[in-house]
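Asker: what shape does this take:
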Amino acid sequence: RRGADWLLDNFRVARLAGLAIRSEPRLHSLAARAGLTEAPPEAESRVPFESLVYLRPEPRPVEHAWRVTEALLARLRERTEAAGGSLLVMYAPGKQVIHGDICGSLGRRYGVAREECSADLLARRLEEICRRNGIDFLDPVPVFRRRAAALEAEGKRLYYGQDSHWNREGNRLVADLLAERILERRRPLAFSDDV
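Answerer: Next up is the predicted model:
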């Protein structure tokens, strides 16, 4: 343990490795078993990193990621406004959020209890960040769910079957939603009498 502390204090590569270990649950779990760090919370060690955003309470790596995301979005808003524009952030829901049961899936695969999970947590956190920073936010989940139900009756979906990307129907829906929001928010053009 003293050797590990000395490495972390004296070598940048060791510090970077330490950050990676703390932010990646599987690496964190291995390091804990080797006695190099504290063990992560139980649910955090089982669930893949990309699914940690659905866990309650939020694991430390997710809290850190949200702080970085908020700083980046605030800076992006500043730069967008400095260029004369306005920023719109749209939440892009995953296929499991629309066509499936992300919490049920995490429960079956990793033993996550229902009360430890929320399918809407990711959208709500992003919405909070946008509200705090004066950024226009679009949450398409209600519209996506209604459209997904209508399409399922026709044997169609919003996402490809083999991955989580939007198919033609999904892309069309997103384009319509964004166009509608942009047209709602646009500022009238000012023309001078000289034109």
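Asker: can you show me the helices along this structure?
Answerer: Under the criterion DSSP state H, the chain contains helices at 2-10, 12-23, 25-33, 42-46, 60-82, 95-99, 102-110, 121-132, 141-153, 168-185.
Asker: among these, show me which one is buried the most.
Answerer: Between these, the one whose residues have the most neighbours on average, counting mean count of other CB atoms under 10 Å, is helix 95-99 (a mean of 20). The way it works is simple: take the backbone N, C-alpha and C, and place the C-beta from them, glycine included.
Asker: what pLDDT, on average, does it get?
Answerer: Mean per-residue pLDDT for helix 95-99: 88.
Asker: mean confidence score for stretch 137-145?
Answerer: Stretch 137-145 comes out at a mean pLDDT of 96.
Asker: what sits up against that stretch?
Answerer: The set of residues external to stretch 137-145 that reach it, using CB atoms under 8 Å, 6 or more residues apart in numbering, is 88-91, 93, 97-98, 120, 123, 126-127, 130-131, 158, 173-174, 177-178, 181.
Asker: could I get the helices of the chain as CSV with distance to Y54?
Answerer: Conversion of the helices of the chain to CSV gives the following (distance: least, CB to CB, whole Å):
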stretch, distance to Y54
helix 2-10, 31
helix 12-23, 17
helix 25-33, 14
helix 42-46, 10
helix 60-82, 9
helix 95-99, 9
helix 102-110, 6
helix 121-132, 6
helix 141-153, 14
helix 168-185, 21
